[in-house]
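Peer 1: 3D model of this:
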Amino acid sequence: MIDALQFEFIRNALLAGLLASIICGVVGTLIVVNRLVFLSGGIAHSAYGGIGLAFFMGWPYMLGATSFAFASSMVMAAVSLKSKQRADTIIGVMWSVGMATGILLLDMTPGYNVDLMSYLFGSILSVPGSELISMGGLTAAILLLIFFFYDDLLAMSYDEEFAQVRGVAVRRLYFMLIGTVAVTVVIVVQVVGLILVIALLTIPPYIAEKYTKSLLQMMMLSCLLGMGFIAAGLWGAYRYDLTSGAAIIFVAGAGFFLSLFVDKMVSMRKKRLWLKAHE
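Peer 2: Numbering: from 1, shown residues only. Next up is the predicted model:
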């Protein structure tokens, strides 16, 4: 893989992967802790409508995708707060309609020649340097926002009632968190695509949660795990000529099942030791 660094597209891919792993580690931790996985999946898939809108209107991809994903996320957040019993239905509808809208808009785009697969399954090897600047700017903005409100997010994540007693504006903070999820989805689309983005947002935090004792530690370990998964997946994609996004998620999935296996082995060993001690 080291010899491949002579190519600019490989260097760009690694930088894009680094940014994606950092933002997924931080925002993904908040998604897992606040149990927002399904809502995040709805945002990810509805964002495809923004991609179609961007190409249909001739806008920059980032502008169309971000604005559409953000608007959809606000609607989903409002519905989930107002009618939690019906939230899954509304999110499912927006999930489907968003993707359908994007596909139809791309069909109606004059001279349409967009690679559909690159947005559905990622194309990290084709990320241009100009897009790295946009990714870096959005990542920095989200990280600053999250760490500025870190204490409030910590309180809301583990005890919403306690956060309200402390005077935290939980409702506004919730909308802010959902908005950051929307922007994060757009950032990571080029890396693993809309179909697989939710895996990169949830697998590293899920694994990290079992080996850490604080939210900050969980975020840091999630970032490191994400970096490892992306680097290994990117190497596999380059070495064996595979789809990069799928390779990254396959590695992450292997890490997920390995963690479950290790947990099972540790649990069985503890049980054997306990039985032996009480014989």
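
Peer 1: could you say which helix or strand contains residue 205?
Peer 2: Per DSSP states H and E: residue 205 is located in helix 170-209.

Peer 1: List the buried residues of the next helix or strand after that helix.
Peer 2: The first helix or strand that comes after helix 170-209 along the chain, using DSSP H and E, is helix 215-240. Within helix 215-240, the residues scored as buried using 16 or more other Cβ atoms under 10 Å are 215, 218-223, 225-227, 229-234, 236-238. Backbone N, C-alpha and C define where each C-beta goes, glycine included.

Peer 1: what packs against helix 215-240?
Peer 2: With contacts defined as 3 or more Cβ pairs under 8 Å, 6 or more residues apart in numbering; DSSP states H and E, the secondary structure elements packing on helix 215-240 are helix 8-33, helix 150-158, helix 170-209, helix 244-277.

Peer 1: Swap in 6 Å and give it another go.
Peer 2: When contacts are defined as 3 or more Cβ pairs under 6 Å, 6 or more residues apart in numbering; DSSP states H and E, helix 215-240 packs onto helix 8-33, helix 170-209, helix 244-277.

Peer 1: Tabulate those helices (TSV), appending mean pLDDT.
Peer 2: Compiled in TSV, the helices and strands packed on helix 215-240 are given as follows (pLDDT from 0 to 100):
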stretch	mean pLDDT
helix 8-33	92
helix 170-209	90
helix 244-277	90
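
Peer 1: Quick one: closest of these to residue 51.
Peer 2: Evaluated over these, closeness to residue 51 peaks at helix 170-209, with 7.8 Å, by Cβ to Cβ.

Peer 1: Helix 244-277 and that closest one, what's the angle between them?
Peer 2: With axes from the mean of the first three to the mean of the last three Cα atoms, to 10 degrees as the criterion, the two stretches helix 170-209 and helix 244-277 enclose an angle of 70 degrees.

Peer 1: next one: helix 170-209 to chain centre, how far?
Peer 2: The chain centroid and the centroid of helix 170-209 are separated by 3 Å under Cα atoms, centre = their mean, to the nearest Å.

Peer 1: Equivalent analysis for stretch 155-174, please.
Peer 2: Between the mean C-alpha point of stretch 155-174 and the mean C-alpha point of its chain there is a distance of 23 Å (Cα atoms, centre = their mean).
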